[in-house]
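S.K.: Have a look at this fold, sequence not included:
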Ligand code: TRP
């Protein structure tokens, strides 16, 4: 059986939080340990430049995200783990894809359209603060995907359109340049509906843009403090509580076994106090993360070790990217004259 090639990128902005962990990191790490998958995970630091022009923050986030994935047990023997900017072939492929990608396709991209709409709603020029990076973001993402012949791209719902665009662009390229022997593999997206979308401290979706996150590797003390800040209603101990509208319960569920979830459900019905429920939530979350937190702190203190791991990932990745790029260049008429 040929293995399925699974590839996904993580934009290096911000510090990973519990929502990222439950929604993306934990399932990806499990997948990396499955030897039926040929998994590729990378730090999308060129994508980060679209969102952030703070060099210190981009650099710091790259280190934090790399250390997070490694600390949580990413299997770098089974999965190829690399940094986008180390693969020189990706920006080169991006340009070639730009030249087959219709501008009209990019006009339809949600992220770009949302920025235009926000500008217009504010009575501003439609293009205010919109860079070419934002506009052509899906082409870079297409190059990330097509460079490695990915079959399956696990993403959040907001990224489905981008994978579909990668597919369109690949089809277009194949149609123009290599009808008989398609060079680019058409990718499919994969959205996992079973993973929880975690609520944040204020009950809305946990997201950096709402400022309501619980960072993944806080110290124990800070983790406890954050959990204590989760918004609850005013019901007293002894009063029955509704688990299904509670952020405390929702986060509990994302970390608990089915049995633990059931017994917390009963505790809610039996009127467990919020303080008590939060204390138990802290123990549960801390129990899952404590060892990884130590490995994380250790790695963050040894950035050269992270760098070495990324370099070895880049070597593996380029061994795949370079020959495909050669074929692509050849197909479009860019090769030696001899
Ligand atoms: N754009 C994705 C996000 O913001 C990250 C990303 C970049 C990506 N390149 C990718 C995801 C390639 C999957 C495949 O979440």
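M.R.: On my side now, so go ahead. Being a predicted model, the structure only gives us computed values, none of them experimental.
S.K.: Only C-alpha atoms from now on, for both contacts and neighbour counts.
M.R.: Fine.
S.K.: Is the longest helix seen in the chain positioned near the ligand?
M.R.: The longest helix of the chain (DSSP state H) is helix 303-332. No - Helix 303-332 lies apart from the ligand when judged by Cα under 6 Å from any ligand atom; the minimum separation is 14.0 Å.
S.K.: in that helix, what's buried?
M.R.: The neighbour-count criterion (16 or more other Cα atoms under 10 Å) identifies 306, 309-311, 313-314, 317-318, 321-322, 324-325, 328, 331 as the buried residues of helix 303-332.
S.K.: would TSV of these with pLDDT be doable?
M.R.: Listed next are those as TSV, based on pLDDT from 0 to 100:
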residue	pLDDT
306	98
309	98
310	98
311	98
313	98
314	98
317	98
318	98
321	98
322	98
324	98
325	98
328	98
331	98
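S.K.: Residue 195: neighbouring residues, count only.
M.R.: Neighbour count of residue 195, defined by other Cα atoms under 10 Å: 13.
S.K.: Where do the helices of the stretch 51-200 of the chain begin and end?
M.R.: Along the stretch 51-200 of the chain, the segments classed as helices by DSSP state H, counting those that start in this stretch run 55-71, 89-98, 103-107, 110-121, 132-146, 160-177.
S.K.: Would you mind giving those as TSV with distance to the ligand and mean pLDDT added?
M.R.: Supplementary listing: the helices of the stretch 51-200 of the chain in TSV, determined by distance: least, Cα to the nearest ligand atom, whole Å; pLDDT from 0 to 100:
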stretch	distance to the ligand	mean pLDDT
helix 55-71	13	97
helix 89-98	11	98
helix 103-107	14	97
helix 110-121	10	96
helix 132-146	4	98
helix 160-177	7	98
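S.K.: so of those, which one's packed in deepest?
M.R.: Of all the helices of the stretch 51-200 of the chain, helix 132-146 carries the top mean neighbour count, a mean of 22, counting by mean count of other Cα atoms under 10 Å.
S.K.: For it, which outside residues touch it?
M.R.: Residues outside helix 132-146 that contact it (Cα atoms under 8 Å, 6 or more residues apart in numbering) are 7-8, 47, 50, 84, 90-91, 93-94, 97-98, 101, 106-107, 109, 111-112, 153, 162-163, 165-167, 169-170, 184-187.
S.K.: May I see the domains of the chain written out as residue ranges?
M.R.: By the record's domain assignment, the chain is partitioned as 4-196+303-332, 217-298 (automatic domain parsing).
S.K.: could you dump those to TSV with distance to residue 207?
M.R.: Below are those laid out as TSV (distance: least, Cα to Cα, whole Å):
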stretch	distance to residue 207
domain 4-196+303-332	7
domain 217-298	14
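S.K.: Can you check which of these gets nearest to residue 211?
M.R.: domain 4-196+303-332 (11.0 Å; Cα to Cα).
S.K.: start to end distance for the closest one?
M.R.: 28 Å (Cα to Cα, to the nearest Å).
S.K.: okay, now residue 85: neighbour count?
M.R.: Taking other Cα under 10 Å as the neighbour definition, residue 85 ends up with a count of 16.
S.K.: ditto for residue 224
M.R.: Applying the criterion other Cα under 10 Å, we find 18 residues in the vicinity of residue 224.
S.K.: Residue 215 now?
M.R.: Quick note: residue 215 (other Cα under 10 Å) scores 19 neighbours.
S.K.: Just list whatever residues bridge to it.
M.R.: The residues listed as beta-bridge partners of residue 215 by DSSP bridges are residue 17.
S.K.: hang on, the earlier thing: what angle do the longest helix of the chain and helix 55-71 make?
M.R.: Using axes from the mean of the first three to the mean of the last three Cα atoms, to 10 degrees, the interaxial angle of helix 303-332 with respect to helix 55-71 works out to 100 degrees.
S.K.: outside of the helix or strand bottoming out on mean pLDDT in the chain, which residues touch it?
M.R.: Taking all helices and strands of the chain together, the one with the lowest average confidence (mean pLDDT, DSSP states H and E) is helix 26-32, at a mean of 90. Residues from elsewhere that reach helix 26-32, judged by Cα under 8 Å, 6+ apart: 37-39, 69, 72-75, 78-79, 195.
S.K.: Same question for it: list its buried residues.
M.R.: Counting neighbours by 16+ other Cα under 10 Å, helix 26-32 gives 26, 28-29, 31-32 as buried.
S.K.: Just name the closest of those to the ligand, please.
M.R.: Set against the ligand, the nearest of the buried residues of helix 26-32 by Cα to the nearest ligand atom is residue 28 (11.7 Å).
S.K.: Against residue 108, how distant is the closest one?
M.R.: Residue 28 is 29 Å from residue 108, by Cα to Cα.
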